[in-house]
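> Fold the stuff below for me.
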Amino acid sequence: MEAVAVIVALIFAVLVALGVIATVRTVRAVKRGVDRTVHQARRTVEDTRLKARQFAQPGAAGEVAQLRLSLRTSMRATQDALHAAAPDDPSLSEALALFQRLSAHGHELDADLKRLEDEPDKTRVAACLPELRERTARVKDSADSLRFAAQDRARRFAEDDLETLSGQIRMEAGALRHWSDEGMSGEGMRGEASGGGAGGQAGSQAGGQAGGQGRAADAGAPAGEQQPEPRAITGRDRDRDAWRSPGYSWQKTGRQEQQNAG
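All right, here's what the predicted structure looks like:
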């Protein structure tokens, strides 16, 4: 009984532990989903605010908003392109590492631009703006270069794969046409051979029948008896035989001789 109680307690403890693990994983997954949704919502709100400020505030303040918006758009597009292509192309691991280092500079630059955006001294903003403009251009150009290279690489791989596939399809199509022509020629040769054999056999049978009937007619006539002269065909005979299908002359002669013999 004690062993049964221990086993039951162990099973219960295992079930409780599995339940706790499943609950923790579920909570973490939900938390990650909520954090992702909140982050996307904040990013959308910030981009909308920068777009509005870019057009609403002319001068240095509007240019700072424009720099922040272009930097964020370029970095986000490069990140999405690299993360989308990395699972299919292991060679992009080095590019991802470089982008992580570039992202650190991008976040630092975005923070500097945000502080300059809230700066009330317009003179300081105008003085710091050229240096920040140059840094933004360098970071943005680097991010664009990585993104364009990844896109060109993926497109080149797709073109190479399509070219290889097209060549294989052309080879297969040629093989199918080759086998089809050979099969048709073989069937035609077999048809001609069978047709020739059947025609020869039919001719041989017809010739045998004709020879047999001729010999039968010769055997039916007595030896030394003179054959009757051929009778001229009159108009009545011509009208009577017009509906008959044309036949061989020896078959008609054979039937007439048989009637005379009967």
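
> Which parts of the stretch 51-200 of the chain are helices?
Along the stretch 51-200 of the chain, counting by DSSP state H, counting those that start in this stretch, helices occupy 60-85, 93-117, 122-220.

> CSV please, covering those and showing distance to residue 11 and mean neighbour count.
C-beta here means a position set from N, CA and C on the backbone, and glycine is covered the same way. Listed next are the helices of the stretch 51-200 of the chain as CSV, based on distance: least, C-beta to C-beta, whole Å; neighbours: other C-beta atoms under 10 Å:
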stretch, distance to residue 11, mean neighbour count
helix 60-85, 43, 19
helix 93-117, 45, 15
helix 122-220, 52, 12
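
> I figured residue 147 was touching residue 75, is that so?
No. Counting by C-beta atoms under 8 Å, residue 147 stays clear of residue 75, with 9.6 Å between them.

> show me where pLDDT drops low in the stretch 101-250 of the chain?
179-250 (pLDDT under 70).

> related to what we said a few turns ago, I'd like the helices of the stretch 51-200 of the chain written out as a markdown table, with distance to residue 33 added.
What follows is the helices of the stretch 51-200 of the chain, written out as a markdown table (distance: least, C-beta to C-beta, whole Å):
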| stretch | distance to residue 33 |
| --- | --- |
| helix 60-85 | 18 |
| helix 93-117 | 23 |
| helix 122-220 | 27 |
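
> So for residue 26, which of the ones you listed sits nearest?
With C-beta to C-beta, the closest approach to residue 26 among these belongs to helix 60-85: 25.1 Å.

> Run through the neighbouring helices and strands of that closest one.
Helices and strands touching helix 60-85, by 3 or more C-beta pairs under 8 Å, 6 or more residues apart in numbering; DSSP states H and E, are helix 2-56, helix 93-117, helix 122-220.

> Tell me which of these sits nearest to residue 81.
Here helix 122-220 is closest among these (C-beta to C-beta), at 4.8 Å.

> Next one: the nearest residue to residue 153 once chain neighbours are set aside relative to residue 71, how far apart?
For residue 153, ignoring the flanking residues on the chain, the nearest one in space by C-beta to C-beta, 6 or more residues apart in numbering is residue 89 at 6.8 Å. Residue 89 is 26 Å from residue 71, where distance means C-beta to C-beta, to the nearest Å.

> again with residue 150
Taking C-beta to C-beta, one finds residue 150 at 19 Å from residue 71.

> on that earlier part again, would JSON lines of the helices and strands packed on helix 60-85 with distance to residue 84 be doable?
Listed next are the helices and strands packed on helix 60-85 as JSON lines, based on distance: least, C-beta to C-beta, whole Å:
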{"stretch": "helix 2-56", "distance to residue 84": "16"}
{"stretch": "helix 93-117", "distance to residue 84": "11"}
{"stretch": "helix 122-220", "distance to residue 84": "9"}
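
> closest to residue 67 out of these?
Closest among these, using C-beta to C-beta: helix 122-220, at 4.8 Å.

> For the residue nearest to residue 153, give its distance to residue 157.
7 Å.

> Pop the domain breakdown of the chain in here.
Per the record, the chain has its domains at 1-56, 57-170, by automatic domain parsing.

> can you redo those domains as TSV with distance to residue 177?
Putting these into TSV (distance: least, C-beta to C-beta, whole Å) gives the following:
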stretch	distance to residue 177
domain 1-56	55
domain 57-170	11
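
> Among the helices and strands packed on helix 60-85, single out whichever gets nearest to residue 85.
Closest among the helices and strands packed on helix 60-85, using C-beta to C-beta: helix 122-220, at 5.2 Å.

> Count residues in the vicinity of the residue nearest to residue 153, would you?
14 (other C-beta atoms under 10 Å).

> now swap in residue 7 and tell me
10.

> Next one: it relative to residue 15, how far apart?
13 Å.

> And residue 69, by the same measure?
Relative to residue 15, and taking C-beta to C-beta, residue 69 is found at 53 Å.

> now do residue 9
11 Å.
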